[in-house]
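Chemist: Sharing a sequence plus its predicted fold:
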Amino acid sequence: MTLKKILVVEDEMIVAEDIAGRLTKLGYAVSEIVSSGEGAIKACQDNRPDLVLMDIVLKGSMDGIEAAQYIRNFFRVPVVYLTAYADKETLERAKITEPFGYILKPFKQNNLHATIEISLQRHEVETKMSQALDSSEELRQFVQEKEQRTSQYVSMAAHELRRPLSAILLSADSLRLHRERWDEETKLKYLHWIQSAAENMDRLIEDMLFIGKAEGGKLSFNPERVDLEQFCSQIVEQQRSLCQDSHQLVFASDNTDITACLDPTLLGLILSNLLSNAIKYSPEGGEVRLESKIDRSDGEGQFSFVSPPIAIFRVSDRGIGIPEEEQGEKLFELFHRCGNVGKIQGNGLGLAIVKKAVDLHQGAIAVESKVKIGTTFTVALPFTVKKNGKSNIGDKDFKF
């Protein structure tokens, strides 16, 4: 059992030695004996005691009351005064420091023992109460922040859903009013708008459901063997079909016949959202490029059979770029849109989804961008995920 450490602050050495001897007999460890207030503070800094027995009149410019106030404020160590002074002025000054006890000399050993034990117990209880209050306050703040995020999320989601819904209602109302005099081509055009708005709404709902699960910690990670080249080719073809060949989509890979154990649903979300953003923020006819490769190095550029390989994906465009001040963590926040997007449609969910999908793989994502020149997102996903919750990526450089 570890003995409680007590610091003795007493300017008369004979008295100090007597007190130390009594403390030792009572089963305490005397951490140090000092004769000044300055010495008491230094002793608390160097070897923090469990309790301080403090005389009031000491050597040096600082008396025991001043030292006790400093020790209480900065070290939160309980102080018990052990002094011959009991005048009203001294007592009033001492009370301000909120001592745990006040023993007058000469004292009886059993009184000293009882005061020390009660003081130590009281301090332990107060410490636990303080920790409980801190935990309670942290929990309250966490719940409050969660409620604020939920409220903001619901508000933003409702706002984003209102746009395609308004388009559907407006187009449907126009069809109802003019169906008799419109030709088939015009009717089909409005029906196409309705279908397009409904599809946008469906995608938005799917995105919001994904984010909702992610925020609630309910997203599952289901890795399986994925043929990287084939998978990436399919994603590129899907995006090519969606953009109706308005952009030049290029896929380059050195992953022939290589499979990785990744979650195909999450990987699809990562690549499709990055490609979709690259297309959206690039001029018509511009090149959007997806590259994939395998990194088999050990983190220092050396080939390794021991370190699990890492799948690296890079999506680059020659679009509007991202302002430098917005290339930090804020870029991946919910509903965040960069200040230079202008009238380009978007809901600010894509990169938030990408980040959460990357995190579930215990991977990493980086961005390089210059305004009016283009943007490159690089994603690194480990082939295997370690049970300790850390991947083999660490802080290694995963650029091409």
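Modeler: Arrived safely, thanks for sending. Residues are numbered from 1 along each chain as shown.
Chemist: can you give me the strands for the chain?
Modeler: 5-9, 29-34, 51-54, 79-83, 101-104, 224-227, 248-253, 259-262, 287-295, 310-317, 364-370, 374-382 (DSSP state E).
Chemist: tell me the centre residue of the protein?
Modeler: With the centre of the chain defined as its mean C-alpha position, the nearest residue by CA atoms, centre = their mean is Glu329, 10.4 Å away.
Chemist: can you tell me how far that residue sits from Val288?
Modeler: Counting by CB to CB, to the nearest Å, the separation of Glu329 from Val288 is 25 Å. The C-beta positions use only the backbone N, C-alpha and C, and glycine is treated the same way.
Chemist: and if you look at Glu12?
Modeler: 84 Å.
Chemist: With Ile6 instead?
Modeler: Going from Ile6 to Val288 by CB to CB gives 72 Å.
Chemist: for the protein, which helix is longest?
Modeler: Determined from DSSP state H, the single longest helix within the chain is helix 109-178.
Chemist: give me the beta-bridge partners of Leu82?
Modeler: Ile103 (DSSP bridges).
Chemist: Can you name the residues that contact it?
Modeler: Neighbouring residues of Leu82 by CB atoms under 8 Å, 6 or more residues apart in numbering: Glu10, Ile19, Leu53, Met54, Asp55, Ile103, Lys105, Phe107, Leu112.
Chemist: Any idea how many residues pack against the fifth one?
Modeler: In this case it means Asp55. Using other CB atoms under 10 Å, Asp55 has 25 other residues around it.
Chemist: For it, give me its contacts.
Modeler: Asp55 makes contact with Val9, Glu10, Asp11, Gly64, Tyr81, Leu82, Thr83 under the criterion CB under 8 Å, 6+ apart.
Chemist: Kindly reformat those residues as CSV and extend each row with distance to Ala260 and pLDDT.
Modeler: Compiled in CSV, the contacts of Asp55 are given as follows (distance: CB to CB, whole Å; pLDDT from 0 to 100):
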residue, distance to Ala260, pLDDT
Val9, 66, 97
Glu10, 71, 96
Asp11, 73, 94
Gly64, 69, 95
Tyr81, 70, 96
Leu82, 71, 94
Thr83, 74, 92
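Chemist: Which two among those are spaced furthest apart?
Modeler: Asp11 and Tyr81 (13.7 Å; CB to CB).
Chemist: Settle it for me: which of these two has more neighbours?
Modeler: Legend: neighbour count by other CB under 10 Å for Asp11 and Tyr81, higher for Tyr81 (26 against 18).
Chemist: That one touches Pro99, doesn't it?
Modeler: Yes: between Tyr81 and Pro99 a contact is recorded at 5.4 Å, counting by CB atoms under 8 Å.
Chemist: Overlap in contacts, these two.
Modeler: Common neighbours of Tyr81 and Pro99, counting by CB under 8 Å, 6+ apart, are Ala68.
Chemist: so how far is the first residue of stretch 251-271 from its last?
Modeler: Taking CA to CA, to the nearest Å, stretch 251-271 runs 12 Å from one end to the other.
Chemist: Below-threshold pLDDT in the stretch 1-150 of the chain: ranges please.
Modeler: Applying pLDDT under 70 to the stretch 1-150 of the chain flags residues 1, 149-150.
Chemist: do that again at 50, thanks
Modeler: For the stretch 1-150 of the chain, no stretch is flagged by pLDDT under 50.
Chemist: on that earlier part again, give me the more crowded residue out of Glu12 and Val288.
Modeler: Val288 (28 against 13).
Chemist: per-residue pLDDT, the nearest residue to that one once chain neighbours are set aside?
Modeler: Among residues not flanking Val288 along the chain, Ala278 sits closest, at 4.4 Å (CB to CB, 6 or more residues apart in numbering). For Ala278, the model assigns a pLDDT of 95.
Chemist: Which residue lies closest in space to Thr376, excluding its sequence neighbours?
Modeler: In this structure, Thr376 finds its nearest non-sequential neighbour in Ser316, 4.1 Å apart by CB to CB, 6+ apart.
Chemist: correction: Val250
Modeler: Leaving out its chain neighbours, the residue that sits closest to Val250 by CB to CB, 6+ apart is Arg289, at 4.6 Å.
Chemist: residue contacts, the one you found?
Modeler: Leu249, Val250, Phe251, Ala252, Arg314, Val315, Ser316, Asp317.
Chemist: what's around the third one, how many residues?
Modeler: Read it as Phe251. 17.
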